[in-house]
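Colleague: Generate a structure from the sequence data that follows.
(2 chains)
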Amino acid sequence: MTRYLLRRAGFYALAAWVALTLNFLVPRLMPGDPASVMFARFQGELDPEAIDALRETFGLTDAPLWQQYFSYLAHVAQGDFGTSVVYFPAPVSEVIGSGLMWTVFLAGIAVVLAFVIGSTLGALSAWWRGGFLDSLAPPILSFIGAFPYFWLAMAAAWLFGFELGWFPVRHAYGLDIEPGFHLAFFGSVLKHAFLPALTMVVVALGGWLLSMRNVMLGTLGEDFVNYAQARGLSKRRILVHYAARNALLPNVAGFGMALGFVLSGALLTEIVFSYPGQGYLLIQAVRGQDYPLMQGIFLTITFAVLGANWLVDLLTALLDPRTR
Amino acid sequence: MIRGFLTNKKALAGLVVVCAIALTALIGPFLVQDPTAFLARPLLPPNWDHWLGTTGQGQDVLAQTVVGARLTLTVAVATGIAVVGLGALAGGAAGYLGGRWDDGLSLLINVFLVLPGLPLMVVIAAWLPPGPLTMFAVLSLTGWAWQARVIRAQVLSIAKRDFVAAARVTGESSLRIVAVEILPNLASLLVSSFIGATVYAIGAQVGLEFLGLGDVSAVTWGTNLYWASNDAALLTGSWWTFAPTGLGVALVGFGLTLVNFGIDEVTNPRLTAQRAVGKPGQPPGPTPVLRSSNG
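Modeller: The predicted model follows:
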């Protein structure tokens, strides 16, 4: 098991290196001079020495390419992503840090809820195949899944926020509430997170349901399920302990793969709700042509996804003895 | 097989939806008002002169939705073709050549699968001049890995079969084996890959343009939503500025997905067999032998 986990860690390290290198190469492969594009926004705001320091950070100096590359890697390793244009003069790492918790909170809740609810519904619809749930849920959820994440967010914000006024449609908590460890704040946070989380769960549900249902149908035909039935075990026990438990494994493995996709959706959903996470920062960066911030967000999200994938591998190794 | 496809309810329904929208995108722009002209008061709700109301700039929403479909779908289809091409190249080479090639290419495919798509696209697109060509390039470069993985698996299983071995033994060239023996067996997979890639391209394109990374002066589904959001559609409650475009995206996506389900059912009899197994509410009993491909 240790070997398996180490091998996976090696793979994620490689993926992280690819992301870092892409981040370094993309501006240099583009037509025009990346330095002048990147620093055009700083003109007038920064004195020449500060610009030189920034060039150093991104390795955008006159040095040979490999020297630029190592200078860039060294800076990233120290958590130095440069200075943000939009939030000048705050360093990018600080700006990203301010929004990281909100994204982790919102996307984390949505991913886990969608996985648990979707897998349960999938298992049940395979159990009562051809039944009410099985004929209704898959087509409806696939149709909802076809909408863009952020469009559903807009629709939900309009219906439940604007028309009905049940939920707030902007920010992560009420502006009249002092953040801190008290009930009013937590209540406000939950109320603000409800609509964005709901849209993300609803979109992702269909995928989990379908994949769980299909695997479960195969598992239900396995010999050990027949054997369990022959032994006279209760249906409930066969469903939960014999079939669903085994059918869950491929879904857990797919969980890591889905994370990147879900996070992409979360970014767009945050934008619709002006939720102060990475997505909100990303659109500020795009609007302000804030390349350092954009690249910082890309790297942060990539590292987060890779880390989460490794945790999923750990979970798979614990659940599935065959990987050990 | 074509006949089986046309009698499949899902495939037929999907095909009708997709054809209807494709036709709208093709002919529609000649029948509606000028989508960029400022025709009336901004944010008028749907009325007789403007069936779907007007945008925050006083443009006709119906015209924008119909005209937007054209560019969005063109880019999506082009991306779908490119993605399948790249996927077939990488996945096919990995599956057919095997050995070191497979190890290296599989590693590359897996790395691109695990990198989060949207932030990567943003980082690349932000450096390029906005427009349909940029969109096409960015979507193709970041989207090929999933199809490559699926195609690799299929090529791997076909290349192991006896008829390929037989062709090899009779001394056929690699090129001929790939073109004549393997490719025809991939046809249905390539079609469904293309459909999947097109659905992906529509979603990703609309998302990127919503972020403002498209050409915001062009009329596409993504820029429609970008302007709806910029003109404070949510704060003024003008649902008609974003609802039609989103419905269009969802209908195309759902239609294409239905077609894909249909192809799956026609070419993979196991799926239809699974549905017929046993009484609901209990395990299927001892007779049927089912093995899931993932199990």
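Colleague: which intervals of the stretch 51-200 of chain A have sub-threshold pLDDT?
Modeller: Residue ranges of the stretch 51-200 of chain A with pLDDT under 70: A:57-61.
Colleague: residues from it in reach of chain B?
Modeller: Proximity of the stretch 51-200 of chain A to chain B (C-beta under 8 Å from any C-beta of the partner chain) is limited to residues A:127-131, A:134, A:142-143, A:146-152, A:154-155, A:157-158, A:161-163, A:169. C-beta here means a position set from N, CA and C on the backbone, and glycine is covered the same way.
Colleague: what about residue B:191, how many neighbours?
Modeller: Residue B:191: 15 surrounding residues under other C-beta atoms under 10 Å in any protein chain shown.
Colleague: and if you look at the one 5 residues further on?
Modeller: The burial metric for residue B:196, expressed as a neighbour count using other C-beta under 10 Å, is 21.
Colleague: Pick out the residue in chain A sitting closest to chain B.
Modeller: Using C-beta to the nearest C-beta, the closest approach of chain A to chain B is made by residue A:218 at 2.3 Å.
Colleague: element containing that residue, please.
Modeller: helix A:183-220 (DSSP states H and E).
Colleague: all strands for the stretch 1-150 of chain B, in order.
Modeller: Assigned strands in the stretch 1-150 of chain B: none (criterion: DSSP state E, counting those that start in this stretch).
Colleague: Up against chain A, what does it have?
Modeller: Near chain A, when you scan the stretch 1-150 of chain B using C-beta under 8 Å from any C-beta, you find B:107, B:110-111, B:113-120, B:122-124, B:126-128.
Colleague: If any of the residues you listed are buried, put those into a ChimeraX selection.
Modeller: Remark: buried members of the residues of the stretch 1-150 of chain B next to chain A, expressed as a ChimeraX selection using 16 or more other C-beta atoms under 10 Å in any protein chain shown:
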select /B:110,111,113,114,115,116,117,118,119,120,122,123,124,126,127,128
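Colleague: residues near residue B:175, how many?
Modeller: Neighbours of residue B:175 (other C-beta under 10 Å): 8.
Colleague: what's the spacing between it and residue B:182?
Modeller: Separation of residue B:175 from residue B:182 (C-beta to C-beta, to the nearest Å): 11 Å.
Colleague: Equivalent analysis for residue B:18, please.
Modeller: 29 Å.
Colleague: swap in residue B:69?
Modeller: Distance, residue B:69 to residue B:182, using C-beta to C-beta: 36 Å.
Colleague: Would you mind telling me which of those two has the busier surroundings?
Modeller: Neighbour totals were compared for residue B:69 and residue B:182, and residue B:69 leads with 25 against 20 (other C-beta under 10 Å).
Colleague: residues contacting the closest residue to the more buried one other than its chain neighbours?
Modeller: Leaving aside its chain neighbours, residue B:69 sits nearest to residue B:25 (3.9 Å; criterion: C-beta to C-beta, 6 or more residues apart in numbering or on different chains). If a contact means C-beta atoms under 8 Å, 6 or more residues apart in numbering or on different chains, then residue B:25 has B:66, B:69-70, B:73 as its contacts.
Colleague: what's the burial count for residue B:27?
Modeller: If we define neighbours as other C-beta under 10 Å, then residue B:27 has 10 of them.
Colleague: ok, now residue A:236?
Modeller: For residue A:236, the neighbour count with other C-beta under 10 Å is 8.
Colleague: tell me which element it falls in.
Modeller: Taking DSSP H and E as the definition, residue A:236 sits inside helix A:235-237.
Colleague: Heading C-terminal from that helix, find the next helix or strand.
Modeller: helix A:245-272.
Colleague: ok, and for that next one, which residues are buried?
Modeller: Neighbour-count burial for helix A:245-272 flags A:246-256, A:258-272 (criterion: 16+ other C-beta under 10 Å).
Colleague: ok, which of those also contact chain B?
Modeller: For chain B, the contacts drawn from these by C-beta under 8 Å from any C-beta are A:250, A:256, A:259-261, A:263-264, A:267-268, A:271-272.
Colleague: Chain B: helices as residue ranges?
Modeller: B:2-7, B:9-27, B:61-97, B:99-114, B:117-125, B:132-159, B:162-169, B:174-176, B:183-210, B:221-230, B:233-236, B:243-267, B:269-276 (DSSP state H).
Colleague: which of these has the lowest average pLDDT?
Modeller: Of all those, helix B:269-276 carries the lowest average pLDDT, namely a mean of 54.
Colleague: For stretch B:131-151, C-alpha coordinates in CSV please.
Modeller: Output of stretch B:131-151 as CSV, limited to C-alpha atoms (Å, rounded to 0.1, in the frame of the first residue of the first chain):
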residue,chain,number,x,y,z
GLY,B,131,-12.0,35.3,-31.0
PRO,B,132,-13.4,32.1,-32.4
LEU,B,133,-10.0,30.9,-33.5
THR,B,134,-8.5,31.3,-30.0
MET,B,135,-11.5,29.5,-28.6
PHE,B,136,-11.0,26.6,-31.0
ALA,B,137,-7.3,26.3,-30.2
VAL,B,138,-7.7,26.5,-26.4
LEU,B,139,-10.6,24.1,-26.2
SER,B,140,-8.8,21.6,-28.5
LEU,B,141,-5.5,21.8,-26.6
THR,B,142,-7.1,21.3,-23.2
GLY,B,143,-9.9,18.8,-24.1
TRP,B,144,-8.3,15.9,-26.0
ALA,B,145,-7.2,13.8,-23.0
TRP,B,146,-10.5,12.3,-22.1
GLN,B,147,-11.2,11.1,-25.7
ALA,B,148,-7.7,9.8,-26.0
ARG,B,149,-8.1,7.7,-22.9
VAL,B,150,-11.4,6.1,-24.2
ILE,B,151,-9.9,5.5,-27.7
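Colleague: Now do the contacts for residue 252.
Modeller: As the question left the chain open, I've gone with chain A. By C-beta under 8 Å, 6+ apart, residue A:252 lies in contact with A:312, A:315-316, A:319.
Colleague: My question was about chain B, not that one.
Modeller: Contacts here follow C-beta under 8 Å, 6+ apart; on that basis residue B:252 touches B:17-18, B:21, B:73, B:199, B:202.
Colleague: Could you do residue B:212 as well?
Modeller: Applying C-beta under 8 Å, 6+ apart, we find residue B:212 in contact with A:283, A:286-287, B:226.
Colleague: Which of these are buried? Put it as a PyMOL command.
Modeller: The buried residues among the contacts of residue B:212 can be selected in PyMOL (16+ other C-beta under 10 Å) with this line:
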select buried, (chain A and resi 283+286) or (chain B and resi 226)
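Colleague: Adding secondary structure and distance to residue B:258, write the contacts of residue B:212 out as TSV.
Modeller: Below are the contacts of residue B:212 laid out as TSV (DSSP: H, G, I helix; E, B strand; the rest coil; distance: C-beta to C-beta, whole Å):
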residue	secondary structure	distance to residue B:258
A:283	helix	33
A:286	helix	34
A:287	helix	37
B:226	helix	28
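Colleague: which one of the contacts of residue B:212 is nearest residue A:82?
Modeller: Proximity of these to residue A:82 (C-beta to C-beta) peaks at residue A:286, which lies at 16.6 Å.
Colleague: what does the domain assignment say about chain A?
Modeller: A:2-77, A:96-323 (automatic domain parsing).
Colleague: Check the offset of the shortest one from the chain's centre.
Modeller: Read it as domain A:2-77. Its chain's C-alpha centre and that of domain A:2-77 lie 23 Å apart, by C-alpha atoms, centre = their mean, to the nearest Å.
Colleague: now the end-to-end length of it.
Modeller: End-to-end distance for domain A:2-77: 26 Å, by C-alpha to C-alpha, to the nearest Å.
Colleague: Tell me the spacing between the nearest residue to residue A:320 once chain neighbours are set aside and residue A:223.
Modeller: The shortest distance from residue A:320 to any non-neighbouring residue, by C-beta to C-beta, 6+ apart, is to residue A:249 (5.4 Å). According to C-beta to C-beta, residue A:249 stands 17 Å off from residue A:223.
Colleague: got it, and residue A:49?
Modeller: Per C-beta to C-beta, residue A:49 is found 74 Å from residue A:223.
Colleague: What of residue A:185?
Modeller: 54 Å.
Colleague: out of those two, which sits in the more crowded spot?
Modeller: More crowded of residue A:185 and residue A:223, by other C-beta under 10 Å: residue A:185, with 15 against 9.
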